[in-house]
Every structure is written in C-alpha cells, then in structure tokens.
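Q: would you be able to build a 3D model of this:
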Amino acid sequence: MTSSSLGGGLANLLAFKAAQLKAKDDESVKYLPKKITALTFASPVVGNEDYNKEFQYLEKKGNLRHIRVANEGDAVPTNDIIPPFSFFLKGRTDVYTQNGVNILLYSDAELEVGYRATKTFVSQFGPSVLTNHFLATYSKRIGVDLELEANKNKKIYEQTVEELYKAAGDFTN
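A: Numbering: from 1, shown residues only. Predicted coordinates for the structure are as follows:
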C-alpha cells in the first residue's frame with residue numbers, strides 16, 4: 001500500500017488492520033501476502049503509544065512493515081502541534097507517535113534512516129513549510145534519475161525493505 005499526506009495516514013491504518021487480520025488467519029485477507037508493507041510519503045502521525053506497541057508486535061512477528069518518507073521541513077508528519085494550527089485538529093497531538101522506518105530527506109545532505117524518529121511540529125516549521133509538503137519537493141529530493149553515480153543516496157535506494165529495517169536499528173523502543 002502506498003499513498004501520501006492524509007492518504008498516507010490511511011494507508012498506515014489499513015496496513016495495520018490487514019496485518020492484524022493476517023496474524024489471526026482471518027478469511028477476509030487470505031489472498032493478501034503474509035507480510036503487509038506500506039510505503040507512505042508526507043504521512044501524518046496516526047497512532048498513540050498503545051497503537052505503536054501493537055504495530056511493533058506485528059513487525060516483530062513479520063506481519064507488517066512500514067517505510068515512511070518525510071521531507072525535512074514538512075510539518076505534516078509531526079506531532080505536538082501548537083496553536084493556532086492545533087485548533088483545526090481534535091484531541092491531543094502530543095500523544096501520537098510515528099511508526100515504521102523513517103527516511104528523512106534533506107535538500108542538501110544525505111538522507112537519514114531511522115526507526116520511528118517522530119519530529120515535533122516546531123522543529124519542522126519554517127518559511128518553506130508548505131512547499132516542503134508538496135510531492136514535487138519530495139521528487140526533487142529523492143532524485144529523479146536514480147542511475148546517476150552522483151546520487152548521494154543511491155546505496156540506500158537500492159536496499160530492500162528488510163535491509164532498511166536492519167539499518168534503522170532496534171524497533172522495540
């Protein structure tokens with residue numbers, strides 16, 4: 001499953017539910033692969049600590065993988081959103097946490113790979129906050145031509161999902 005922005009949040013939730021059902025051998029998901037994988041871009045946080053504990057349990061069992069791609073400076077994939085922006089949201093955003101392996105893209109540096117790596121709203125807010133959320137900015141930072149030897153992130157892009165999980169380190173925190 002893949003999507004961006006709000007659709008990325010929904011892809012996270014759908015992958016989680018499908019993986020839960022697969023773990024229970026539910027008939028409704030019998031034609032889905034054993035391991036459910038979500039690839040999201042610019043996705044908001046969707047789960048609290050309890051959600052994340054169940055998410056990690058499914059990851060440990062091998063039922064679920066999630067690769068999140070976020071731009072440095074994009075405030076959407078953050079938590080702890082401050083007023084006046086928080087007035088548009090319901091509930092406490094400080095209790096939400098990212099899950100899965102995060103690939104953080106920079107405009108002028110190598111990307112970072114880490115597990116969870118939730119960023120706060122304040123740490124990502126700046127003058128380019130809107131353009132940093134656009135898929136065009138994501139495409140530019142990823143690099144259109146992955147065959148170029150100069151692509152500083154080529155080795156990371158060639159890794160499998162399992163290799164990215166291994167590189168991200170311990171996902172039990």
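
Q: what's the span of stretch 55-69 from first residue to last?
A: 18 Å (CA to CA, to the nearest Å).

Q: average pLDDT across the longest strand along the chain?
A: Ordering each strand of the chain by length in residues (DSSP state E) puts strand 64-71 first. Computed over strand 64-71, the mean pLDDT rounds to 96.

Q: likewise for stretch 129-136?
A: Average pLDDT, stretch 129-136: 92.

Q: ends of that stretch, what's the gap?
A: Start-to-end, stretch 129-136 (CA to CA) is 13 Å.

Q: now do stretch 91-100
A: 23 Å.

Q: in contact with the residue positioned nearest the centre of the chain, which residues?
A: By CA atoms, centre = their mean, the chain has its centre lying nearest to residue 68, at 2.2 Å. The contact partners of residue 68, taken as CB atoms under 8 Å, 6 or more residues apart in numbering, are 8, 40, 41, 43, 77, 98, 99, 100, 101, 102, 103. C-beta coordinates here come from the backbone N, C-alpha and C atoms, glycine included.

Q: okay, the angle between the helix or strand the last one falls within and strand 64-71?
A: Residue 103 is part of strand 101-105, with elements assigned from DSSP states H and E. If you take axes from the mean of the first three to the mean of the last three CA atoms, to 10 degrees, strand 101-105 sits at 20 degrees to strand 64-71.

Q: quick check: next helix or strand after strand 101-105?
A: strand 112-115.

Q: buried set for the least confident helix or strand in the chain by mean pLDDT?
A: Taking mean pLDDT, DSSP states H and E as the measure, helix 154-157 is the helix or strand of the chain with the lowest mean score, a mean of 84. Of all the residues in helix 154-157, those buried under the rule 16 or more other CB atoms under 10 Å are residue 156.
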